[in-house]
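S.K.: Next input, structure requested:
(chains A, B, C, D, E and F)
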There are 6 protein chains.
Amino acid sequence: MRPSGRSPAQLRPVRIERGYTKHAPGSVLVSFGDTRVLCTASVEERAPAWKKEGGWVTAEYGMLPGATHERSRREAAVGKQSGRTQEIQRLIGRALRACVDLDALGNYTLTIDCDVLQADGGTRTAAITGGYVALADALATMRARGLIKRDPLFGQVAAVSVGIYRGTPVLDLDYAEDADCECDMNVVMNEAGRFVEIQGTAEGHAFSRQELDALLELAGGGIRELIEAQRRALSG
Amino acid sequence: MRPSGRSPAQLRPVRIERGYTKHAPGSVLVSFGDTRVLCTASVEERAPAWKKEGGWVTAEYGMLPGATHERSRREAAVGKQSGRTQEIQRLIGRALRACVDLDALGNYTLTIDCDVLQADGGTRTAAITGGYVALADALATMRARGLIKRDPLFGQVAAVSVGIYRGTPVLDLDYAEDADCECDMNVVMNEAGRFVEIQGTAEGHAFSRQELDALLELAGGGIRELIEAQRRALSG
Amino acid sequence: MRPSGRSPAQLRPVRIERGYTKHAPGSVLVSFGDTRVLCTASVEERAPAWKKEGGWVTAEYGMLPGATHERSRREAAVGKQSGRTQEIQRLIGRALRACVDLDALGNYTLTIDCDVLQADGGTRTAAITGGYVALADALATMRARGLIKRDPLFGQVAAVSVGIYRGTPVLDLDYAEDADCECDMNVVMNEAGRFVEIQGTAEGHAFSRQELDALLELAGGGIRELIEAQRRALSG
Amino acid sequence: MRPSGRSPAQLRPVRIERGYTKHAPGSVLVSFGDTRVLCTASVEERAPAWKKEGGWVTAEYGMLPGATHERSRREAAVGKQSGRTQEIQRLIGRALRACVDLDALGNYTLTIDCDVLQADGGTRTAAITGGYVALADALATMRARGLIKRDPLFGQVAAVSVGIYRGTPVLDLDYAEDADCECDMNVVMNEAGRFVEIQGTAEGHAFSRQELDALLELAGGGIRELIEAQRRALSG
Amino acid sequence: MRPSGRSPAQLRPVRIERGYTKHAPGSVLVSFGDTRVLCTASVEERAPAWKKEGGWVTAEYGMLPGATHERSRREAAVGKQSGRTQEIQRLIGRALRACVDLDALGNYTLTIDCDVLQADGGTRTAAITGGYVALADALATMRARGLIKRDPLFGQVAAVSVGIYRGTPVLDLDYAEDADCECDMNVVMNEAGRFVEIQGTAEGHAFSRQELDALLELAGGGIRELIEAQRRALSG
Amino acid sequence: MRPSGRSPAQLRPVRIERGYTKHAPGSVLVSFGDTRVLCTASVEERAPAWKKEGGWVTAEYGMLPGATHERSRREAAVGKQSGRTQEIQRLIGRALRACVDLDALGNYTLTIDCDVLQADGGTRTAAITGGYVALADALATMRARGLIKRDPLFGQVAAVSVGIYRGTPVLDLDYAEDADCECDMNVVMNEAGRFVEIQGTAEGHAFSRQELDALLELAGGGIRELIEAQRRALSG
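M.R.: Predicted coordinates for the structure are as follows:
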């Protein structure tokens, strides 16, 4: 039995609110249950120094100090981003670049800032899922303003976690499950059901090929629902 | 005429939502018009090393990168907090300590994190005004849990900005006014109408004693309304 | 009774020695009693990146480790400037810019370095008062060398602290008073008696409007004397 | 056809030299073809502050500046470890902890330093594979010295990369393949053929479930050979 | 001919002013011609963590930004001490420890802060020579206060630079000579004429054994005069 | 008697292996007994910003954490290079520049990275001696590729340590001697027997002129052998 009472293949309630703040051309508050992440997409007219042609999409991730059970230290005050933060923001960036034609971006850099207002497990998968919508909104604004000619966006990208909790493969782990699971995996897929990224870790319990298959199955189902939720939000 | 159409002594609409997030014992979303700041108050069982007795109240301030017109750089990525950030968080901390009996706090440190979700001028005054409510909620929780015996809170503290915009003293400047004003001042006062902090700056136009008096008058009126708004929120 | 035996409205002996070191075009050792600050004004041919036209005036502040009662840590060794240091150097820079026409500065940046050789309260007000003289000397050198055509300096700027010490408003607090006062305020004014900056803080005792008026009165008198001392030094 | 002329399921020549340096209790130079990583395992009598009981195993990763085609910047001189470095050393640490009973380690911390002397693709998988042997040697030394009572090591752990190069799934990518592949995956498995970690990324080409299956198949075969190479080295 | 008109074996005028500032128990302004360094010796009741017994003597060095021909950057603002600064402060610390019995220091650390107010070549040798006097004053104060029982100071230590300027070995180089010399050497000696430290560098012109002998001869003569100047200052 | 059984004027076995890694144009593993340093020379097409003409030669030094008796902390993880590291790499750079005509280098910077794989005393002297060979190899490669026209290298440079161990002057100290010696000196000389750099330190025992002479004599003999070893390696 899951702590939340959900069935193994059941997502938490997903909410995607567009236009949450007013300055950034894309601004989305995404909720996976009690996990709430504010994703804003900003546009700057510069490409990274190391790139000869085309634009760039990158992500930054942060956790508000009060977002967790125990207050976490403010990374700006500590003076550096933790390894965990860097790992997550690199993942978000790679995932979102997987559905953008960078050449069509011209000389622009889009930064997707994902700041966790409230954490309850799965912040990185919520960030990717909501970040995609913020990115889509920012690109639409760019086209409307004539900054780019053709749409650099192809397909969709969403992410979900899966894991083995007390022997059972489950979808979309919340904090209570995450803190106590035997192995967990973050899966990023596109709208065609293909894999963009898989990151599975088993500190406690090395998982068998059969378990892996079951987890991927669950993830596939969750992603289909999230892709659909993105569509509804964007057409809303 | 003010860009917003307000009269010189008119505050922007003020909203104070308690319990905005669930983990921190005090969590307040405060809005001064389009300026929105999330203030959370967290409790840790430790006093600062340099303090021999009693507890401590401190504040940290941050601006989400997407909160401003142009994306601002993430301080955690830059590797340090700017001078502006430090100045603001030191101000918030001093202001809130002015209404707390630190000896009654025992061995606890309260940290008030003020993170700006959307900036439109006056983020530090909103942070102090909302931070007070988050602090009050956290202290109430501490008493309810028996962590402290008597209430360390005495009185109230709120803050507002005033400035001279195109020759006229005005209350509670928004970004359009702030970017274009001749002098601006942040005033922190308590519920008895006494001053806790005054910070007035005139880069463009040195102000006369008469102008100063007019500004302090405006500030006094604004603070009375904010003190009242805090009361309503806390009794709500 | 003040620890130093001064009357409430009495400044400490003020000394302004020009040409204290030989390399910088402006170099002033300013003393407010036992507080001694070395202010040098250096000229570099570059404007800050973010400025499209005109020059810039900025300040940096430091405390020699042996300048205080207990040795303070060297910020260069710690690896960053404290919040207090940044707050002070930002204040000095704003204050001095208030009497300079930046457009007349061409493409030059003037940096006023204020290093405290001995601290006894009021280091930031001494730094502003002495820094003004160093700035004036550097600008005179620039004109003599033909680097700038017209004098960018208009008026004068000086600063002094005031505070309530054991119930009495007093002028120009020394360390013994500063460590034990109920509220203190730094006031920057120009030669016309107008305010350039006011920073008043009351951690212990919130101050009334009447007290504020008394403090501003004292400050005004002190500033007049400092403005006069600057004039004497510059004509010496 | 692979640039090296290898068949798709063929590892590069693997060499594991124990006792490469003399101070660390475990010191292994591991080569996967031209990739050479020096792995040393050091023992310190301290557990991390946040751990209440038992010991800890952690890893640090570095790339000598001259190890790559173009000289890379020295991270010690830059002043921080890159996100890539942190990601890799976190992966190595998790992988190696998967075969250690931390409770049996007492109050000791083992650090596995993995420094790349020469890079030609697959440095992290070589580091895990060689780091395991250094770890085993250090633990044997600890037992010989009576520092620990029972053997904390259970099973073996090795790692290999797989990817799709010009449409064909291949094992153990070298630099020429890595720089030009459509998707690549690092797989960590134990001696029982179970998964400890999977990290697969597809920036260019999202991969299908069938492709994933083919990659995992290849990885399984490679790991079996590496597990065998570790055994031979340890019994040598 | 030397730019200053001095003969090859002639020191610049040396001045050692004790009691230059009032807080530190040792405070000396030392001048070697136009080079002026403020040396303060502070006492803290703590020994470094890595030392099991006895006290410690250490030094820190800094250059005020306005002390040089062109303003140098403030290391506190840059965020780290340069390699040159660290090299110099390590040298000063080693030199001064050579005349202190650390066991007799009890649990105290003395820090000698050497801050250059005006630079004209030879700042490190002036710092060692003046730092010795500040150290002696601080130790005398410690004995007078009963903090230590026996005098930890044995002998004296002074330093001077020598170099080959336009083919001629000269003593105590000023900036004009330093910037244009073929090889320069800093020599630290004690009152018995023995060597504490020698650091000679020849970027331009590798020096012969004969040249080395001539330089050491000059240094020996200079040190004798400096040792005498220290004695006079301390008995003054 | 020396711990190693060597006679006072006897070097440890010296080995210089060229082509130790394949990417850098110069790559040398140098051993002075158990001290092993990997020196790679890399070429980049850029000159330092502060240089108007000609190229540059610089060095960086690092110690692998597992290279020492007790694991040393990784400087990249600590976030800065220690004073010792900076001192050493500055010395290596100066020493190697002493035999290079920088004007003949065109617009290129050569970086000599010296990473200690195993430490047993004398790492900096081994680094200079081996770094010279790596530098020579890189310059030969540059000429072969037509990047530079004439050979910028003139003469040779090598380094050795000397010290007084239990009253006897000895050559090329190993760790056991280094940790227990009364004074030690690093000497850099060229193939003509002239001095490029001398750094002698006596924390414990100030040394006499006679002792200095004996040490320099020993150093001269050691350098001759090292110069010969370099020649053999380069002609091998």
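S.K.: Give the buried residues for the helix or strand hosting A:Leu216.
M.R.: Applying DSSP states H and E as the criterion places A:Leu216 in helix A:209-235. Neighbour counts over helix A:209-235 (16 or more other C-beta atoms under 10 Å in any protein chain shown) mark A:211-212, A:214-216, A:218-220, A:222-223, A:225-227, A:229-230, A:233 as buried. Glycine gets a C-beta too; all of them are placed from N, C-alpha and C.
S.K.: can you check stretch A:108-120 too?
M.R.: A:108-120.
S.K.: Centre of the chain to the helix holding A:Leu216, how far?
M.R.: In terms of C-alpha atoms, centre = their mean, to the nearest Å, the centre of helix A:209-235 is set 13 Å apart from its chain centre.
S.K.: now swap in stretch A:204-223 and tell me
M.R.: Here stretch A:204-223 shows a centroid-to-chain-centroid distance of 19 Å under the convention C-alpha atoms, centre = their mean.
S.K.: what's it in contact with?
M.R.: The contact list for stretch A:204-223, computed with C-beta atoms under 8 Å, 6 or more residues apart in numbering or on different chains, reads A:8-9, A:11, A:158-160, A:162-164, A:169-172, A:182-183, A:185, A:187, A:189, A:193, A:200, D:98, D:189-190, D:192-196, D:198, D:209, D:212, D:216.
S.K.: Give me the secondary structure label for the residue most central in space within chain A.
M.R.: Closest to where the C-alpha atoms of chain A average out (C-alpha atoms, centre = their mean) is A:Ile128, at 1.5 Å. Under the three-state scheme (DSSP: H, G, I helix; E, B strand; the rest coil), the conformation of A:Ile128 reads as helix.
S.K.: That one contacts A:Ala159, doesn't it?
M.R.: Yes: contact criterion C-beta atoms under 8 Å: A:Ile128 and A:Ala159 qualify, at 3.9 Å.
S.K.: Can you pull the residues that touch both of the two?
M.R.: Common neighbours of A:Ile128 and A:Ala159 (C-beta under 8 Å, 6+ apart) are A:Ala95, A:Val188.
S.K.: So which elements touch the helix or strand that contains A:Ala77?
M.R.: Assessed by DSSP H and E, A:Ala77 sits inside helix A:75-78. Applying 3 or more C-beta pairs under 8 Å, 6 or more residues apart in numbering or on different chains; DSSP states H and E, we find helix A:75-78 packed against helix B:75-78.
S.K.: Please tell me how far the residue nearest to the centre of chain A sits from A:Asp101.
M.R.: Applying C-beta to C-beta, to the nearest Å, the value for A:Ile128 to A:Asp101 is 19 Å.
S.K.: for chain A, what spans make up the helices?
M.R.: Per DSSP state H, chain A carries helices over the ranges A:75-78, A:83-97, A:123-144, A:175-178, A:209-235.
S.K.: closest one to D:Leu91 among those helices?
M.R.: D:Leu91 sits nearest to helix A:83-97 of all the helices of chain A, at 9.2 Å, using C-beta to C-beta.
S.K.: hmm, who's touching that closest one?
M.R.: Residues outside helix A:83-97 that contact it (C-beta under 8 Å, 6+ apart) are A:57-63, A:75, A:81, A:112, A:114, A:123-124, A:127-128, A:131-132, A:135, A:157, A:159, A:186, A:188, A:196-197, A:199, B:76, D:83-84, D:86-87, D:89-90, D:201, D:203.
S.K.: In chain A, where is pLDDT below threshold?
M.R.: A:203 (pLDDT under 70).
S.K.: How about it: which residue is closest to chain C?
M.R.: Closest residue of chain A to chain C, C-beta to the nearest C-beta: A:Gly79 (7.7 Å).
S.K.: so who does that residue touch?
M.R.: Applying C-beta under 8 Å, 6+ apart to A:Gly79 gives the contacts B:Gly79, B:Lys80, C:Lys80.
S.K.: tell me which parts of chain A are close to chain D?
M.R.: Contact residues, chain A versus chain D (C-beta under 8 Å from any C-beta of the partner chain): A:80, A:83-84, A:86-87, A:89-90, A:94, A:97-98, A:185, A:189-190, A:192-203, A:206-209, A:212, A:216.
S.K.: Touching, A:Arg71 and B:Ser42? I think so.
M.R.: Yes: in this structure, A:Arg71 is within contact of B:Ser42 by C-beta under 8 Å, at 3.7 Å.
S.K.: what's the overlap in contacts for the two?
M.R.: Common contact partners of A:Arg71 and B:Ser42 (C-beta under 8 Å, 6+ apart): A:Pro65, B:Ala24, B:Thr111, B:Asp113.
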